[in-house]
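*Asks:* Okay, here's the prediction I keep looking at, along with the sequence it came from:
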Amino acid sequence: MTASKTTPRYFALLPAAGVGARMAADGPKQYLTVGGKPMLRHAVDAFRASDLVAHTYVVVSAADGQIDGVLPADLDGVTVLRCGGATRMDTVLNALRELQGVVAGGDMIMVHDAARPGLTPALIAKLIDGVGDDAAGGLLALPVVDTVKRATGVVPVAATTVSRNGLWLAQTPQMFSYELLLRALGSAPDANAITDDASAVEMLGLSPRLIEGHPRNLKVTLPADIRIAEMYLAAGE
Ligand SMILES: Nc1ccn([C@@H]2O[C@H](COP(=O)(O)OP(=O)(O)OP(=O)(O)O)[C@@H](O)[C@H]2O)c(=O)n1
Ligand SMILES: C[C@](O)(CO)[C@H](O)COP(=O)(O)O
């Protein structure tokens, strides 16, 4: 008799403890009004609207003074964790450690940038379906469609062209079992070398699946990104 495989629960974990330096706004970009509401609320609402997601955790800095006005304490299906760290990786790792005993090792964690307001329940379902029970996990990503240059020098000079064959731009959510993600981030050599969760998993020798996402799921990083995000939000799914 084969051991019965327990069905994993799916949790969302939103790192939202950044300062938004590249946005150069008056405050952290995750609280800028985009599409009529604070940016991070869009992703929170996408996870809350998904019947596949058990609970959503939003991770802010301990000194954050804005989250309570965006996510009321009685908001169903959401918990705020005040354990943000110096880097995105630190924020995620701190949150995973807070969730020890709350989630099971085989439960799946979807790490999603609070700065990606264009996520939809359909994209969440596409990631979950695409990864299936692949132990390496996976992430939403987009194939590179432009020609890629590698610049050198202080004044960028297009020194070489990089083949775009097989190149993808990583998005989020990036989804892994709780056990794997905690182990990967906990053993990563340098928080500054890790800009996404999948790279820590790759360092363990695993190859997370790439599931095609959507341009609407862009990361709002620079001021020009806000207009693009608002265009997609206005267009709906
Ligand atoms: N120490 C950090 C840094 C980033 N993030 C979160 O990680 C996501 C992606 O990071 P990024 O787009 O780089 O946001 P910022 O770090 O705020 O932007 P910048 O690098 O321009 O300061 C964001 O939701 C951000 O809030 C985080 O939780 N903790
Ligand atoms: C996780 C990520 O969004 C994947 O593209 C990206 O690495 C985050 O980078 P950032 O510099 O923290 O925005």
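*Replies:* Arrived safely. Numbering: from 1, shown residues only. Ligands and ions are numbered 1, 2, ... in the order given.

*Asks:* how deep is L99 tucked in, by neighbour count?
*Replies:* When neighbours are defined as other C-beta atoms under 10 Å, L99 has 19 of them. The way it works is simple: take the backbone N, C-alpha and C, and place the C-beta from them, glycine included.

*Asks:* Test my guess that it contacts Y57.
*Replies:* Yes - L99 sits in contact with Y57 when judged by C-beta atoms under 8 Å, with a separation of 7.0 Å.

*Asks:* which SS state does the residue of the chain found nearest ligand 1 fall under?
*Replies:* Relative to ligand 1, the nearest point of the chain is G18 (2.1 Å; C-beta to the nearest ligand atom). Using DSSP: H, G, I helix; E, B strand; the rest coil, the structure places G18 in coil.

*Asks:* ok, now which ones touch it?
*Replies:* G18 makes contact with 28-30, 88, 114-115, according to C-beta atoms under 8 Å, 6 or more residues apart in numbering.

*Asks:* R150: what secondary structure?
*Replies:* Going by three-state DSSP: R150 is strand.

*Asks:* measure it to P121 for me?
*Replies:* Remark: distance between R150 and P121 (C-beta to C-beta, to the nearest Å) = 38 Å.

*Asks:* For these two, indicate the residue with more neighbours.
*Replies:* Using other C-beta under 10 Å, the more surrounded residue of R150 and P121 is P121, with 17 against 10.

*Asks:* and the gap between the spatially most central residue of the chain and K149?
*Replies:* Residue closest to the mean C-alpha point of the chain, counted by C-alpha atoms, centre = their mean, is H112 at 2.1 Å. Between H112 and K149 the distance is 30 Å, computed by C-beta to C-beta.
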